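> Predicted model and sequence follow; I will ask about them next.
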Amino acid sequence: MRILGDFDVAEEIVQDALLIALERWPVDGIPERPGAWLLTVARRRALNQLSRDARYREKLAQLEQPVPREPDDRLRLMFTCCHPALSRAAQVALTLRAVCGFTTAEIAHAFLVSETAVAQRIVRARRKIVAAAIPYRMPDDDELGERLSDVLAVLYLMFNEGYLASSGTTPTRRDLAEDAAWLTALVARHMPGEPEPLGLLALMRLHLARAEARFTSAGELVLLQNQDRTLWNRSMIAEGIALIEQAAALGRPGPYQVEAAIVACHAEAQSWAATDWRQIVLLYDLLLLMTPSPVVRLNRAVAVRQVDGPETALAEVNALARDLEHYHLFHAIRGELLLELSEREQARASALRALELTQNRAEQSLLARRLLEW
Amino acid sequence: MKYVLLFCGTREQQQAWEEMSEEARQAQYAQVGRWFAENAARLGPGNQLQPPHTATTVRFQGDGEPIVRDGPFIEGNEVIGGYTEITVADLDEALRMAKTWPARGTVEIRPVMGVDQ
């Protein structure tokens, strides 16, 4: 793109190359260095494009450079798509479109917005990139910390959406989650001095490692306390834990690393009862220092229940009522605690409220089943 | 790329500025002066503006006579204190400059129309 100087054209060319790859690889086999191959094809198409376009003819000579060993154009593209001058929604849509090759329809489906809205969002984002001259470049070292946090936030959003789609009939869109994990791995690989990409990658891998146990064959959601832990991928869990240790060695703790550690506590435990709940509460305390938020407090309260009992936990949950009024999990967790304290009517009311607030079919089904049991 | 940096603040910040001691104000000007010196190569024309109560607004509505009113056009709490034109390579450079603006408040970065990109 430095060569073409035009975000749109460059993006199209990378997209075309991706499409060719998808068609050719099953036939020709995966080339030894797929990244380099993609870039080669992209360059060939770029050369064709340029020779057709009189304005760029003088730039042809620059393309006769050898292919770089480790093409980092995807990373550069991702940082550009996640520029802080773009809204978060635009960052996500643009990343999915330009870096992952999602169609507008697929993006719309994943985030429960109309195709028109997605298309408009992407068009406006591209216009802003051009009009405000958002540069296509890796941020400088002194900008990297901030810019990285935007990239990781987008990747985390993508992962969560894919892992438990907030809406729609398919409870998960695993390829979206796996794409997010793959991109996070790319970021981590190219930034070996940064611990948070490793933390986020560990978090994602630890979730993915336990994915098989999250649903019954009938597509029903299974809560963590009821999951068959023999279905967890232990070697993937070990890899995830190794990533946390790798991050920790860099000596700069951060929220993704702490979240990953919390998930690791669960992943290491042989059972719900055998989980190191005290450590989890401590980790949440640490996380609250870094990212104070009512949702984090809510999740901490679930751990507090295990350490200090339901009454203490309920008191903490109730304190979050104003902030989390519209969050279905607030009501779901509150319902569970109320039931434990034999407040049956209030528990039912909470569960009903939770049911109203979620659009995910699997979650709705789970909540409905529990209501029947109570 | 040409951008305009609009230096803005809240009415409270504007008030605080007006109520500053002469000494404090001079210190602020010195900081701003240093910023202008450091960025001289990138700066175009610009000015501090007189406070918002000195503003007069002409508002066009439909085909009728435009309405003249006392005060700035922004109805809310934000006021524009000054502006400067800058010429830099791209938005990241503009952001770098804006982030070091010593008088703080809010800085809007708006690309200028019709400049060769």
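Arrived safely. These numbers come from a predicted model, not from an experiment.
> Show the pLDDT at residue 52.
The chain I'm using is chain A. Residue A:52 is assigned 57 on the pLDDT scale.
> Oops, wrong one, chain B.
Among the per-residue scores, residue B:52 holds a pLDDT of 83.
> Show me which residues of chain B are close to chain A?
Counting by C-beta under 8 Å from any C-beta of the partner chain, chain B comes close to chain A at B:1, B:89, B:90, B:91, B:92, B:95, B:109, B:111, B:117. C-beta here means a position set from N, CA and C on the backbone, and glycine is covered the same way.
> Could you identify the buried members of these?
Listed as buried from the residues of chain B next to chain A are B:1, B:90, B:91, B:92, B:95, B:109, B:111; burial here means 16 or more other C-beta atoms under 10 Å in any protein chain shown.
> Nearest residue to the closest residue to chain B within chain A in space, please, no chain neighbours.
Closest contact between chain A and chain B, by C-beta to the nearest C-beta, is at residue A:135 (3.9 Å). Of all residues not flanking residue A:135 in the chain, residue B:90 sits nearest, at 3.9 Å (C-beta to C-beta, 6 or more residues apart in numbering or on different chains).
> Next: residue B:70.
Going by C-beta to C-beta, 6+ apart, residue B:70 has residue B:56 as its nearest residue, at 6.4 Å.
> Do I have it right that the one you found meets residue B:69?
Yes - here residue B:56 reaches residue B:69: they are 7.2 Å apart, a contact under C-beta atoms under 8 Å.
> hmm, back to that, is it possible to export the buried ones among the residues of chain B next to chain A to TSV including pLDDT and secondary structure?
Listed next are these as TSV, based on pLDDT from 0 to 100; DSSP: H, G, I helix; E, B strand; the rest coil:
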residue	pLDDT	secondary structure
B:1	93	coil
B:90	95	coil
B:91	95	helix
B:92	95	helix
B:95	94	helix
B:109	95	strand
B:111	94	strand
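> Phi first, then psi, for residue B:102.
Reported as degrees, to the nearest 10, the phi and psi values for residue B:102 are phi -70, psi -30.
> I'd like the distance between residue A:220 and residue A:369.
Distance from residue A:220 to residue A:369, counting by C-beta to C-beta, to the nearest Å: 8 Å.
> In the chain, where is pLDDT below threshold?
Let's take chain A. Applying pLDDT under 70 to chain A flags residues A:1-71, A:165-174.
> wait, I meant chain B there
Applying pLDDT under 70 to chain B flags the ranges B:75, B:115-117.
> For the longest helix anywhere in it, buried residues please.
When chain B is parsed with DSSP state H, its longest helix is helix B:22-38. Within helix B:22-38, the residues that count as buried by 16+ other C-beta under 10 Å are B:32, B:35.
> CA atoms only: put the next helix or strand after that helix into PDB for me.
Next along the chain after helix B:22-38, taking DSSP states H and E as the criterion, comes strand B:43-48. Presented in PDB, the C-alpha positions along strand B:43-48 are these (Å, rounded to 0.1, in the frame of the first residue of the first chain):
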ATOM      1  CA  LEU B  43       2.100  26.000  11.500                       C
ATOM      2  CA  GLY B  44       0.000  28.200   9.200                       C
ATOM      3  CA  PRO B  45      -2.000  31.200  10.100                       C
ATOM      4  CA  GLY B  46      -4.000  31.100  13.400                       C
ATOM      5  CA  ASN B  47      -5.200  33.200  16.200                       C
ATOM      6  CA  GLN B  48      -6.500  33.200  19.700                       C
END
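> by contact count, what packs against strand B:43-48?
Judged by 3 or more C-beta pairs under 8 Å, 6 or more residues apart in numbering or on different chains; DSSP states H and E, strand B:43-48 is in contact with strand B:78-87.
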